[in-house]
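Undergrad: heads up, no residue letters with this:
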């Protein structure tokens, strides 16, 4: 099977670069002492979701469909986590707005992405 290399659009390059910085920045949230009041395993779970988001950015950088799917999964996990915790102030509205805009942009490029690993 012959696969062709798809050139990454400039907008995805810019968004992924900003996303890498954001993923590293959101890892600090894992060490928030206020998370311990909900559950002892919540910081580890959030760390796993942040790591998955970083992996999703790597997949999107390489124009893979699984990167978009993992990104959408982590988006909904963070959204549901903010709702279930009931702490409206812990929801990062700027991050959610950025992620929503990013998912909308990814829909335009999803067909051009490779489905293989």
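TA: In hand now; what should we look at? The structure displayed is predicted, hence computed values, not measured ones.

Undergrad: who touches the helix or strand containing residue 107?
TA: If you go by DSSP states H and E, residue 107 is part of helix 93-109. By CB atoms under 8 Å, 6 or more residues apart in numbering, the list of residues contacting helix 93-109 from outside reads 9, 11-12, 15, 18-19, 22, 26, 60, 63, 68, 71-72, 75, 78-79. C-beta: built from backbone N, CA, C; applies to glycine.

Undergrad: Going through these, which ones are buried?
TA: Restricting the contacts of helix 93-109 to buried positions leaves 12, 15, 19, 22, 26, 60, 63, 68, 71, 72, 75, 78, with burial counted as 16 or more other CB atoms under 10 Å.

Undergrad: Report the contact partners of the last one.
TA: Meaning residue 78. 49, 92, 95, 96, 99.

Undergrad: and which of the residues you listed is nearest to residue 83?
TA: Residue 83 lies nearest to residue 96 out of the contacts of residue 78, by CB to CB, at 11.3 Å.

Undergrad: Can you tell me how far the closest one is from residue 21?
TA: Using CB to CB, to the nearest Å, residue 96 is found at 17 Å from residue 21.

Undergrad: More neighbours: those two, which one.
TA: residue 96 (14 against 10; other CB atoms under 10 Å).

Undergrad: So which bits of whatever helix or strand residue 80 lives in are buried?
TA: Secondary structure from DSSP H and E places residue 80 in helix 65-85. Under the neighbour-count criterion of 16+ other CB under 10 Å, helix 65-85 has 65-68, 70-72, 74-75, 77-78, 81-82, 85 buried.

Undergrad: ok, residue 28 - how many residues close by?
TA: Residue neighbour count, defined by other CB under 10 Å, stands at 9 for residue 28.

Undergrad: I should have written residue 25 there, sorry.
TA: Other residues within reach of residue 25, judged by other CB under 10 Å, total 12.

Undergrad: OK, contacts around it?
TA: Residues touching residue 25, when contacts are defined by CB under 8 Å, 6+ apart, are absent altogether.

Undergrad: Now do it, the pLDDT please.
TA: The model reports residue 25 with a pLDDT of 81.

Undergrad: any idea how far residue 65 is from it?
TA: The spacing between residue 25 and residue 65, counted by CB to CB, is 26 Å.
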